[in-house]
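[1] Got a predicted structure plus its sequence, pasted below:
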Amino acid sequence: MDGRLVAKKKAQLVFLVSLVLMIISPSFSDASSVGAEAQVQKWDYLALGDSLAHGLQYDGKDGLSYADYIADHLTDLDRLKQFNKSYARSGLTTSEMLAMLQTNVDLQLAIANTDLITLSVGANDLLEVLKKDPNGLNDPAVAGAILTKAGNNYAQIMAGIRKLNPDASIFLMGYYNSFYAYPKEQQDAVAYVMKELNKGIESIATASGSGFVPTYEAIAENYQAYLPNPLDVHPSQAGYQAIASEFWKQMKPTLPIGIERIAGKDRYLTAVAISKASFEAADTVVLARGDDFPDALSGAPLAYKKNAPILLTGETLPLAVKDEINRLGAHHAIVLGGTGAVSDYVVNELKGLGLKTKRLGGKDRFETAAHIAAYLDGNPPKAVVANGMDFPDALSIASYAAKQGYPILLTQQNTLPTITETALVEFESSIIVGGKGVVSEKVAGQLPAPVRYGGANRYATSAEIAMKLTPADKAVVATGANFADALTGSILAARSESTFLLVPPMKMDESIQKAAIEIGIRNFTILGGEGAVNQEVITSLQKIK
C-alpha cells in the first residue's frame, strides 16, 4: 500500500480516537462565553435533540420545528451558511443522545465544524415513565432517580460537545408544561418535575458557557393555540414559532453586527444600485428629480404599491438609468412632479424607451402630494402628514407608510394648505411626523385624529419612528443631510421589512445609536458612499452590543 495512504489513514484513526476519548472524559474547562464575538459572518447551524427539534406536529405529522424558524431568522439576516437538523430525532432521550454523541463519527465531525448549536433533550426521559404509568412521577423516589440520571447524561453530553467545539454558540432549551389538560394532581406532579428538569438544564448551560432558553411561560400564555391537542405534547406551528422566538431573544445578541454598503459614484448611480439590489424585474419605474426633493417626498407609498423602484433624473435621463430601465424590462413610468421638476424632455426620453408614461404633478409640492395620494387610492384609513418644506421627517416614515399603504401629505409648519386639508377629508385618522417645531399644534388641530411621532431633531424623530413603528432585526441606513439616498432606499427598507434610520454623515447620533441598541438591530445596509455615511458612523454601528 502507498506510504502516503497509510499515513493518511493513521492520521484519520488518531483523530477519531481522540474525539471518542474527549467525549468519554468530560470536562467544562474549555467552555466559551455565549456572548463571545463570533469569528464568522455566516454561521453553520446544527440542531440537535428530540421531536421538538425535528418538527413533529400535534397531529402526528412532520412539519417545521423551532429550529427551522431559527434558520429562517438567520437567513433573513444573511447569517446562515448551512442548516443541519438530521440529528434531531423523535423520542430521543438523554441516554440515546449521549450514546449517539459517543459513537457517531459523522455527528462528532458536524459538531466540531459548526458555529451554532441548539439542543432540546430530556423530556422523553420523563415521558417514558408516564407512558407506563400516568401517576409514575408522583413517587418522589422515581422522579428523583430520573432527574439524577438525566442530569448526569446531560452533563456528559455538554462536556462532550464542548470538547469537540469549545467556541460554538450553544443554546439549550428548557421545557414547557405539556400536560395542562391533565387532572390537577397529575398535572402538578409533572409540572414540578418538568421545572426541576429545567433547573438542571439551566445549571448545565451556565457551567458549559451556553445559553438557556426558557419556554415554560411563553407556551403557558396560550395553551389552546400553542398545544391544540390535549392528548399530544407537540406544538402547533404557532407554538413552534413561539419557542423559536424565545431562542431568538437569547441568540440575537450573540450575532456579530453585519454591515453592507450599497453605493454608486453619485446619487443617480446609488439609486440604480439600490434598484438592482431590490428588483430582478419591474413592470413600472417611478422617476423623481435627483437634485431637488419637494415633489419626490410622497413617492414611496406609490412606488411600493406599484412594485417599482424609484430612480432619479436630472435635466436629462442619465445613461445608467436608461440601462437600468432596460434591465428591469419596464413598460410603464410614473413621473413625480410638474415640468419644473422633471422636464418634458425627460418624459420624451422615457417614451423613446418604449415606456407608457404618466405624470403626477401639481402647481407645487402640496398639490403634487395630493395628486399622488389620489392616485394611490385603495381607501386607506390613515394618512401621514409631514412638513413639506424639508425632507427628513417625510423620508423617515416613508418605508412604514409604503408598507401600510398610507399616503404622505405635506403641510407647512403653521399653515395647513387647502389642497392638503381637502385631501384629508377622506381619512379617519392621521400620523404627524416631527415635533411641534415642524408641524404646529395649530395644524395638528385641523387633522383627523392625529398621533404624533417626533423628536428634538430629525435623527430623534427617525429613532422614534424606528422604535415605535418599524422595529426589526435589520436596518437600512441613509444620510440625514440629503434626501436622495433616503428616498430611493425607502423602497428597499419596505420590501426587506427593515427598520429605516437617518444618520449624520460624519458622526453617529446618540438617539439613533440608542434606538439601534433598544431594537436589537444586527444588520445594517448603508446607502451611499463615504461622502454620504462615513467610516466613523459605521464603526459606531459595529460596536453595538
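    Arrived safely.
[2] which parts of stretch 276-290 are buried?
    Applying a neighbour-count criterion of 16 or more other C-beta atoms under 10 Å, the buried positions in stretch 276-290 are 277, 278, 279, 282, 284, 285, 286, 287, 288, 289, 290. For glycine as for every other residue, the C-beta is placed from the backbone atoms N, C-alpha and C.
[3] Among those residues, list the two that are farthest apart in space.
    Spatially, the most separated pair among those is 277 and 289, at 22.1 Å (C-beta to C-beta).
[4] Burial check on residue 358, number of neighbours?
    12 (other C-beta atoms under 10 Å).
[5] Can you show me the helices along the stretch 251-400 of the chain?
    Chain-ordered helices for the stretch 251-400 of the chain, with DSSP state H, counting those that start in this stretch as the definition, fall at 267-278, 299-305, 319-328, 344-352, 365-376, 392-396, 398-404.
[6] how about the CA coordinates for the shortest one, as CSV?
    Spelled out, it's helix 392-396. Extracted as CSV, the C-alpha positions of helix 392-396 are listed here (Å, rounded to 0.1, in the frame of the first residue of the first chain):
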residue,chain,number,x,y,z
PRO,A,392,-36.1,64.3,6.7
ASP,A,393,-39.3,63.6,8.5
ALA,A,394,-41.3,62.5,5.4
LEU,A,395,-38.5,60.2,4.4
SER,A,396,-38.0,58.8,8.0
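[7] so the nearest residue to residue 442 once chain neighbours are set aside is in which element?
    Nearest residue to residue 442 in three dimensions, chain neighbours excluded: residue 414, at 5.8 Å (C-beta to C-beta, 6 or more residues apart in numbering). If you go by DSSP states H and E, residue 414 is not part of any helix or strand.
[8] Comparing the helices of the stretch 251-400 of the chain, which comes out most buried?
    With neighbours taken as mean count of other C-beta atoms under 10 Å, the helices of the stretch 251-400 of the chain reach their highest mean count in helix 392-396, at a mean of 29.
[9] average pLDDT across that one?
    The predicted model gives helix 392-396 an average pLDDT of 97.
[10] and if you look at stretch 261-269?
    Over the span of stretch 261-269, the pLDDT mean works out to 96.
[11] so how far is the first residue of that stretch from its last?
    With C-alpha to C-alpha, to the nearest Å as the measure, stretch 261-269 spans 13 Å from end to end.
[12] Contacts made by it with the rest, please.
    Outside of stretch 261-269, the residues within contact range by C-beta atoms under 8 Å, 6 or more residues apart in numbering are 270-274, 277, 290, 311-314, 318, 320-321, 482, 484-485, 489, 492, 525-529, 532-533.
[13] Next: stretch 212-224.
    Where contact means C-beta under 8 Å, 6+ apart, the residues beyond stretch 212-224 that reach it are 171-177, 180-181, 194-195, 198, 201-202, 205-206, 226-227, 235, 239, 242-243, 245-247, 250.
[14] What are the buried residues along that stretch?
    Residues of stretch 212-224 classed as buried by neighbour count (16+ other C-beta under 10 Å): 212, 213, 214, 215, 218, 219, 223.
[15] Can you lay out the residues you listed as TSV showing pLDDT?
    Below are the buried residues of stretch 212-224 laid out as TSV (pLDDT from 0 to 100):
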residue	pLDDT
212	97
213	98
214	97
215	97
218	96
219	95
223	94
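[16] if we can go back for a sec, pick the one among the buried residues of stretch 276-290 closest to residue 42.
    Nearest to residue 42 among the buried residues of stretch 276-290, counting by C-beta to C-beta, is residue 277 at 18.1 Å.
[17] Residue 403 is in contact with residue 496, isn't it?
    No. Counting by C-beta atoms under 8 Å, no contact exists between residue 403 and residue 496, whose distance comes to 10.7 Å.
[18] Next, the contact list for residue 508, please.
    Contact partners of residue 508, counting by C-beta under 8 Å, 6+ apart, are 536, 537, 540, 541.
[19] Please identify the helix or strand for the first one.
    Using DSSP H and E, residue 536 falls within helix 535-542.
[20] For that helix, enumerate the helices and strands it packs against.
    Helix 535-542 is packed against strand 258-262, helix 510-519, strand 523-527, with contacts defined by 3 or more C-beta pairs under 8 Å, 6 or more residues apart in numbering; DSSP states H and E.
[21] hey, which of those is tucked in deepest?
    Highest mean neighbour count of these: strand 523-527, a mean of 25 (counted as mean count of other C-beta under 10 Å).
[22] May I have the strands that pair with that strand, each with its orientation?
    The sheet places strand 523-527 alongside strand 258-262 (parallel), strand 474-479 (parallel), with pairing taken from DSSP bridges.
[23] neighbouring contacts of it?
    Under C-beta under 8 Å, 6+ apart, the answer for strand 523-527 is 77-79, 257-263, 270, 274, 473-479, 485-486, 488-489, 492, 496, 498, 516, 533, 538, 541.
[24] What of stretch 382-389?
    The contact list for stretch 382-389, computed with C-beta under 8 Å, 6+ apart, reads 294, 297, 365-366, 369, 373, 393-394, 397, 401, 404, 406-413, 420, 423-424, 427-434, 438-439, 443, 447-448, 450.
[25] where's the residue sitting nearest the centre point of the chain relative to residue 48, distance?
    Nearest to the geometric centre of the chain sits residue 473, at 3.7 Å (C-alpha atoms, centre = their mean). When distance is defined by C-beta to C-beta, to the nearest Å, residue 473 is 24 Å away from residue 48.
[26] And the strands in the stretch 151-300 of the chain?
    Ranges of strands within the stretch 151-300 of the chain are 169-173, 211-213, 258-262, 284-289, based on DSSP state E, counting those that start in this stretch.
[27] now the longest one: mean pLDDT?
    Over the span of strand 284-289, the pLDDT mean works out to 98.
[28] That strand pairs with which strands, and in what direction?
    Looking at strand 284-289 with DSSP bridges, its partner strands are strand 310-313 (parallel), strand 332-336 (parallel).
[29] What is the burial count for the residue nearest to residue 365 when sequence neighbours are not counted?
    Nearest-residue entry for residue 365: residue 294, 3.6 Å, with adjacent residues in sequence omitted and distances by C-beta to C-beta, 6+ apart. Neighbouring residues of residue 294 were enumerated by other C-beta under 10 Å; the total is 23.
[30] thinking residue 294 is in contact with residue 341, fair?
    Yes. With contact defined as C-beta under 8 Å, residue 294 and residue 341 form a contacting pair (7.5 Å).
[31] contacting residues for residue 58?
    Contacts of residue 58 were listed using C-beta under 8 Å, 6+ apart, and they are 227, 228, 229, 232, 234, 235, 236, 239.
[32] Confirm it sits in a helix?
    No. Membership of residue 58 in a helix is not supported by DSSP: H, G, I helix; E, B strand; the rest coil, which gives coil.
[33] how close does it get to residue 238?
    Relative to residue 238, and taking C-beta to C-beta, residue 58 is found at 10 Å.
[34] just residue 298 next, same as before
    When distances are taken as C-beta to C-beta, residue 298 and residue 238 turn out to be 38 Å apart.
[35] more neighbours, these two?
    Set side by side, residue 298 and residue 238 show more neighbours around residue 298, with 29 against 13, by other C-beta under 10 Å.
[36] Point out where the stretch 201-350 of the chain drops to low pLDDT.
    Under the criterion of pLDDT under 70, none of the stretch 201-350 of the chain is flagged as low confidence.
[37] try the chain
    1-40, 129-137, 186.
[38] mind giving me the domain ranges of it?
    The chain breaks down into these domains under automatic domain parsing: 18-254, 258-542.
[39] and the longest one, how far apart are its ends?
    Terminal residues of domain 258-542 are spaced 8 Å apart (C-alpha to C-alpha).
[40] Out of the strands paired with strand 523-527, flag the one nearest residue 139.
    Using C-beta to C-beta, these put strand 474-479 closest to residue 139, at 51.2 Å.
[41] Buried ones in the closest one, by neighbour count?
    Buried residues in strand 474-479, counted by 16+ other C-beta under 10 Å: 474, 475, 476, 477, 478, 479.
[42] report the angle between the axes of it and helix 535-542?
    160 degrees (axes from the mean of the first three to the mean of the last three C-alpha atoms, to 10 degrees).
[43] Which residues outside strand 474-479 are in contact with it?
    The contact list for strand 474-479 (C-beta under 8 Å, 6+ apart) reads 76-77, 395, 399, 466, 485-486, 489-490, 492-493, 496, 498-505, 516, 519, 521-528, 532-533, 537, 541.
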